[in-house]
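Undergrad: please work out how this folds:
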Amino acid sequence: MVTKLITYRRRPSAATESAAQGTVTSRSSAADWGLLLIRLTFGLLMAGHGAQKLFGIFGGKGLAETAKGFAALGYQPGKLFAVIGGLSEFLGGLGLALGLLTPLAAAALIGVMVNAMVTVTGAHGLWETNGGVEYSVCIAVVALGIAATGPGRLAVDRYFRRGSGGWPQAVFALGLGGIAAAITLSL
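TA: Presented below is the predicted three-dimensional model:
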């Protein structure tokens, strides 16, 4: 008598298969929605802050006045540095809001905030009420935190390997932001 041995393979579930392929499952968690809320609020406000400098909207003074302010701080030529600062805030904010190129977006905001702390707010201590670094530190830390945790499932970066966050992304954001700030401050 011949005994037939039948083996069954367990089919992977849709969630396991989806995760293995680097795609998103249809279910999102409260953490995903919380990260989206943080990214949208923080990112769009930072983009608006940059738009004030670049385009003079949302009560901003526009590029010409921003350039004069940068020149008064010692950034020469003022217009070039006003464009760099404004674009860093605008594009960095949009990147975080969308969850697109998240470590790079975080680096842009970190670099601008380091410059702000060194040239404007650092001499005034910690608290914003005295013109201190409080606000700039908060922006830099939130940007770094998003780079470290990743933008979540509800982000454009979910389609890319770099979208998961982690130590490499955090180090990249902090390192690039710090290097960009150091170069800018040395010019």
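Undergrad: mind listing what's buried along stretch 169-176?
TA: Judged by neighbour count using 16 or more other C-beta atoms under 10 Å, the buried positions of stretch 169-176 are 169-170, 172-174, 176. Backbone N, C-alpha and C define where each C-beta goes, glycine included.
Undergrad: now do stretch 147-165
TA: 147-155, 157-158, 163-165.
Undergrad: run the chain-centre distance for that stretch.
TA: 11 Å (C-alpha atoms, centre = their mean, to the nearest Å).
Undergrad: equivalent analysis for stretch 97-107, please.
TA: Taking C-alpha atoms, centre = their mean, the mean C-alpha location of stretch 97-107 is offset from the chain mean by 4 Å.
Undergrad: what's the end-to-end length of that stretch?
TA: Using C-alpha to C-alpha, to the nearest Å, the end-to-end distance of stretch 97-107 comes to 14 Å.
Undergrad: also stretch 65-85?
TA: Termini of stretch 65-85 sit 13 Å apart (C-alpha to C-alpha).
Undergrad: and the next helix or strand past the lowest-mean-pLDDT helix or strand in the chain?
TA: The helix or strand of the chain with the lowest confidence, counting by mean pLDDT, DSSP states H and E, is helix 14-20 at a mean of 45. Sequence order places helix 30-55 as the next helix or strand after helix 14-20, per DSSP states H and E.
Undergrad: quick check: buried residues in that next one?
TA: 32, 35-36, 38-39, 42-44, 46-54.
Undergrad: point me to the helix or strand that includes the residue nearest the centre of the chain.
TA: Centroid-nearest residue in the chain, with C-alpha atoms, centre = their mean: residue 106, separated by 2.8 Å. Under the criterion DSSP H and E, the helix or strand holding residue 106 is helix 102-116.
Undergrad: what's in contact with that helix?
TA: Contact with helix 102-116 is made by 43, 46, 85, 88-89, 91-96, 136-137, 139-140, 143-144, 146-147, 150-151, 155, 157, 162-163, 165, 169-170, 172-178, 180-181, 184-185, as judged by C-beta atoms under 8 Å, 6 or more residues apart in numbering.
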